[in-house]
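[1] fold the following, please.
(4 chains)
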There are 2 protein chains.
Amino acid sequence: MNQVEVKRIVAELLPYIRYHRLNPGDRLPSERDLCKRFDASRNAVREALTALEYMRVVERRPNSGIYLQTLARDTSVDAMVMFQDAGVPPLIEEVADFVETRRILEIQSLTLACARRTDADLSHLEAVLRASEAEIASGKPIAELDAAFHLALVEATHNQVFLRLVNSFYLTTRGQRQVFFRDPDQCRRSHADHLALFDALRERDADRAVAVLERHLASVRAFWNSHAADEDGAPGAPASGR
Amino acid sequence: MNQVEVKRIVAELLPYIRYHRLNPGDRLPSERDLCKRFDASRNAVREALTALEYMRVVERRPNSGIYLQTLARDTSVDAMVMFQDAGVPPLIEEVADFVETRRILEIQSLTLACARRTDADLSHLEAVLRASEAEIASGKPIAELDAAFHLALVEATHNQVFLRLVNSFYLTTRGQRQVFFRDPDQCRRSHADHLALFDALRERDADRAVAVLERHLASVRAFWNSHAADEDGAPGAPASGR
DNA sequence: GGAACCAAATTGGTTGGGCCAATTTGGACG
DNA sequence: CGTCCAAATTGGCCCAACCAATTTGGTTCC
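    I've put the predicted structure just below:
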């Protein structure tokens, strides 16, 4: 993988912030300090900070220092993507927020898609479904194809801006999906729901599509509830060597 | 402003891409070439590229080159923010998509907010409204306070993830808002609509709130239509020389 | 002529040293 | 006690390299 140093620094900096209980507005160590702490060159540290700055995680004040931004409100969607790429687990209390957000976005996606889908959209979806079927028959990892299906669905809305928004959001939940689809039962159920969604979309029946989605999301919520009960204090994200 | 060099390079690189009609998958000039073209050091160029890479605008392949990502689908929300910060105007055909996306997000915001708002949320909104009133009485620029109002509204949903999503989206439309609120009429109308939304929210009347929003968005659409008619070929965003 | 081979050039990845301007700090001086 | 100035610290920026991997272009050999 490229940019290993920068990635490493980003991945170490985020846990550092949590470990030291840094709050929005707090000052981070100086660039030169961070070099020593993470045993990296200053350029690498600066590149990592530039990425974090552009995602509004951090603010740099010349001749002063590096400060944490207001995390909850000003942090960007892509910062969330970065966090999860770096193996930082989402806060447990946020999982419900994620599911709810997904519900909002997908209901709207389905409604718009039912109105605007073309035949090309349908065949695109069909291709993904066939691929899923093959995967589900042999191996297991449906995680990527699930994302592909939902994304193809959003593409059928023919709203480029909305598509980008939803796509960014999806990337923040990649880790969650990988946990979810480890369970073969969930793979089969999801696939069945996808088929039902496809049917509804073909007939432009938005009400039925939303009903299917609601049922699907209910089972997703149930999964995460039982999952949280399984491992109370444990991280909810894929193994990160920390 | 800090990071002037990096900002400059980002701001010059995006028009460069458009000018040279580069498509997703195309290769950009090498880092060393970009240094010469933009008369900058390699470090500065690399920092700019790192930012662009983390926002999925660009992909770097070691020993090969720098390639454009699939713009429509994979580009991030923050890339859109960066584009507009850099003065790159949104495509005209995307303005409708922006308004539609805003509609989706705000209907959901209002629905959730009506169900969950606290008294603290109300007084926060009230404070913003008072500030708007003062601004509207004297000067004109309500753009920032409008954003503050809508954001305070989303905060009343008490969904942190959704809040971040909507906030990121809002930042992509800052330029559009600044054009919109140059018109004093729009300032007054928007403020009146905000008052109506506040009332509906206080009484937890989601249906009425959505009705007000629909009316408001209709006038927004009308504004952009007439605005597009005014200057057909001209940029829809703050001056950029294309 | 064609194929195998090798060296030079090119690519992004990374490091270290260095200079600048602005701010902060702390002690010396009045 | 207050004033002032120099040293240390901060982020912003640049330069000159070296590395590993790939590509390129020729050369050599069959």
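
[2] A:Glu126: which element?
    Using DSSP states H and E, A:Glu126 maps to helix A:119-137.

[3] list the contacts for the most centrally placed residue in chain A?
    A centroid search over chain A (C-alpha atoms, centre = their mean) returns A:Thr172, at 1.7 Å, as the residue closest to the centre. Applying C-beta atoms under 8 Å, 6 or more residues apart in numbering or on different chains, we find A:Thr172 in contact with A:77, A:80-81, A:83-84, A:98, B:161. Placement of C-beta: from N, CA and C, glycine included.

[4] thinking again about what came up before, C-terminal to the helix holding A:Glu126, what's the next element?
    Next element after helix A:119-137 (DSSP H and E): helix A:143-155.

[5] what sits up against that next one?
    Counting by C-beta under 8 Å, 6+ apart, A:105-106, A:109-110, A:113, A:121, A:124-125, A:128-129, A:131-132, A:135, A:162-163, A:166-167, A:170, A:174, A:177-178, A:180-181, A:190, A:194, A:197, A:201, B:73 sit against helix A:143-155.

[6] return only those of those residues found close to DNA strand D.
    By C-beta under 7 Å from any atom of the strand, no member of those lies near DNA strand D.

[7] tell me the secondary structure for the residue of chain A most remote from its centre?
    No residue in chain A sits farther from the centre than A:Asn63, which is 35.9 Å out by C-alpha atoms, centre = their mean. Using DSSP: H, G, I helix; E, B strand; the rest coil, the structure places A:Asn63 in coil.

[8] quick check: the nearest residue to A:Asp193 once chain neighbours are set aside vs DNA strand D, distance?
    The spatial neighbour of A:Asp193 that comes closest, neighbours along the chain excluded (C-beta to C-beta, 6 or more residues apart in numbering or on different chains), is A:His216 at 4.3 Å. From A:His216 over to DNA strand D the distance is 42 Å, taken as C-beta to the nearest atom of the strand, to the nearest Å.

[9] A:Ala86 too?
    21 Å.

[10] hang on, that residue packs against A:Tyr16?
    No - counting by C-beta atoms under 8 Å, A:Ala86 sits too far from A:Tyr16 to count as a contact (11.3 Å).

[11] residues in contact with A:Ser219?
    A:186, A:189.

[12] and it, how far is that from A:Arg103?
    13 Å (C-beta to C-beta, to the nearest Å).

[13] follow-up on the earlier one: just the buried ones from the contacts of helix A:143-155, in PyMOL syntax?
    This is the PyMOL syntax for the buried subset of the contacts of helix A:143-155, where burial follows 16 or more other C-beta atoms under 10 Å in any protein chain shown:
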select buried, chain A and resi 105+106+109+110+113+121+124+125+128+129+132+135+162+163+166+167+170+174+177+180+181+190+194+197+201
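
[14] the contacts of helix A:143-155 in helices, which ones?
    A:105-106, A:109-110, A:113, A:121, A:124-125, A:128-129, A:131-132, A:135, A:162-163, A:166-167, A:170, A:174, A:177-178, A:180, A:190, A:194, A:197, A:201, B:73 (DSSP state H).

[15] stretch A:30-38 and chain B in contact?
    No - counting by C-beta under 8 Å from any C-beta of the partner chain, chain B has no neighbours in stretch A:30-38; the shortest distance is 12.5 Å.
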